[in-house]
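**Q** Could you look at this predicted model? Sequence included:
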Amino acid sequence: MTTNQTAANSESNHLKPKISSFERNLTWWVLGCIVVGITFGKLAPDLFQTLATIKVAEVNLPVAVLIWLMIIPMLLKIDFAAMGEVLQHAKGIGVTLFINWMVKPFSMALLAWIFIRHLFADMLPVDQIDSYIAGLILLAAAPCTAMVFVWSNLCDGDAKFTLSQVAINDAIMLFAFAPIVALLLGLSSIVVPWDTLLISVLLFIVVPVVISQILRKVLLHKGNDSALNTTLKKLQPLSLSALLITLVLLFAFQGEQILNQPLIILLLAVPILIQVYFNSLFAYWLNKKFKVAHCVAAPSALIGASNFFELAVATAIALFGFNSGAALATVVGVLIEVPVMLSIVAIVNRSKHWYEN
């Protein structure tokens, strides 16, 4: 091997995201959490029913705390004094907004109409078809806010871009979520639980940002960058563990429906899978066309495809009931979210050489 080849390989290795063994095997951990969650839900239903009732405006507080643990380590990396730098990523933000608000909800509505209303109609309960479609639309109309920080971290995404994009999406969601859902459901009016929406944004964005910035200032004052970096290394496993515990809780809450309706789960997963891969790859391709840096294009693709399933589940339950087809459809989104998003992380990581050529 020549000196130049050695240097090139060294540079290539340096550019690769440093993912631990735990993170590389996260898909298997996720599958284990699904099994554990459904099993615990069957063995101790009273315990999980109690946990499910600890909520404010249909937002489950234990899940909210776990989401804080997921995203605070990511937010700790943010220096808000340098947030002006994100303006250089305007193209990436534009691509993500286009996918999230002009493509994703409408593509899901089209896919739901094709698959649920027509192709799979004979295999589904007739009285629940409208409800299934509503759940899928709710899922697509709410862009991801929490777990995307984990995905961005795994693909070495720009932290300031990720935070800014999520904040912009949340601001838009306050005004656009209800009209888009109403339009796509073909209703003249729809009762959206605004308290659920507002409290979700408060719990999943505002509170973690405040906590992380206070902690960041304390650490920098105490021991400058070294104290901050040491804390980040200690918190990284905690962040991923919180993700897994969240999955255990969510599947424990909904395990009964999943066990009772396995075929319906598979049928509902088809349009969700197509929609996620289509939107993520479309966003990734658009970013390449606009010559956006890979550290922005990768999280842009992930944000463009992933869903705020915590809000979608809560809204579906509030609007249609806990045992409705809409609630089940949003839970299917939870079921496939992590493995599918991990596969997209792998795609954008492994295609970096293609993207930058």
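**A** Great, that's in hand.
**Q** If you count contacts, what does the one helix or strand residue 221 maps to end up packed against?
**A** Taking DSSP states H and E as the criterion, residue 221 maps to helix 207-260. Packing partners of helix 207-260 (3 or more Cβ pairs under 8 Å, 6 or more residues apart in numbering; DSSP states H and E): helix 21-24, helix 26-43, helix 45-52, helix 61-75, helix 148-154, helix 325-350. From N, CA and C alone the C-beta is placed, and that goes for glycine too.
**Q** For residue 283, find the nearest of those helices.
**A** helix 325-350 (10.1 Å; Cβ to Cβ).
**Q** neighbouring contacts of stretch 264-279?
**A** Residues outside stretch 264-279 that contact it (Cβ atoms under 8 Å, 6 or more residues apart in numbering) are 99, 103-104, 107-108, 111-112, 114-116, 120, 123-125, 132, 135-136, 139-140, 258, 304-306, 328-329, 332-333, 335-336, 340-341, 344.
**Q** For it, which residues meet the burial criterion?
**A** 264-265, 267-272, 275-276, 278-279 (16 or more other Cβ atoms under 10 Å).
**Q** Same question for stretch 148-165.
**A** 148-165.
**Q** Columns mean pLDDT on top of the helices and strands packed on helix 207-260, output as a markdown table?
**A** Shown next, in a markdown table, are the helices and strands packed on helix 207-260 (pLDDT from 0 to 100):
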| stretch | mean pLDDT |
| --- | --- |
| helix 21-24 | 59 |
| helix 26-43 | 82 |
| helix 45-52 | 82 |
| helix 61-75 | 77 |
| helix 148-154 | 82 |
| helix 325-350 | 85 |
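**Q** Ranking the ones you listed by mean neighbour count, which comes first?
**A** helix 148-154 (a mean of 25; mean count of other Cβ atoms under 10 Å).
**Q** just how off-centre is that one within its chain?
**A** Per Cα atoms, centre = their mean, to the nearest Å, the displacement of helix 148-154 from the mean C-alpha position of its chain is 9 Å.
**Q** contact partners of it?
**A** In contact with helix 148-154 (Cβ under 8 Å, 6+ apart) are residues 17, 19, 23, 70-71, 74-75, 157-159, 162-163, 166, 239-240, 243, 298-299, 302-303, 306, 341-342, 344-345, 349.
**Q** Quick check: what element follows that helix along the chain?
**A** Note on helix 148-154: by DSSP H and E, the next helix or strand toward the C-terminus is helix 159-185.
**Q** for that next one, which positions count as buried?
**A** Buried residues in helix 159-185 (16+ other Cβ under 10 Å): 159-170, 173, 176-178, 180-181, 184-185.
**Q** Report the mean per-residue pLDDT for that helix.
**A** Across helix 159-185, the average pLDDT comes to 78.
**Q** Determine the angle, from 0 to 180 degrees, between that helix and helix 61-75.
**A** If you take axes from the mean of the first three to the mean of the last three Cα atoms, to 10 degrees, helix 159-185 sits at 140 degrees to helix 61-75.
**Q** which strands and helices sit next to helix 159-185?
**A** Secondary-structure packing of helix 159-185 (3+ Cβ pairs under 8 Å, 6+ apart): helix 61-75, helix 90-98, helix 104-112, helix 129-140, helix 148-154, helix 194-201, helix 294-305.
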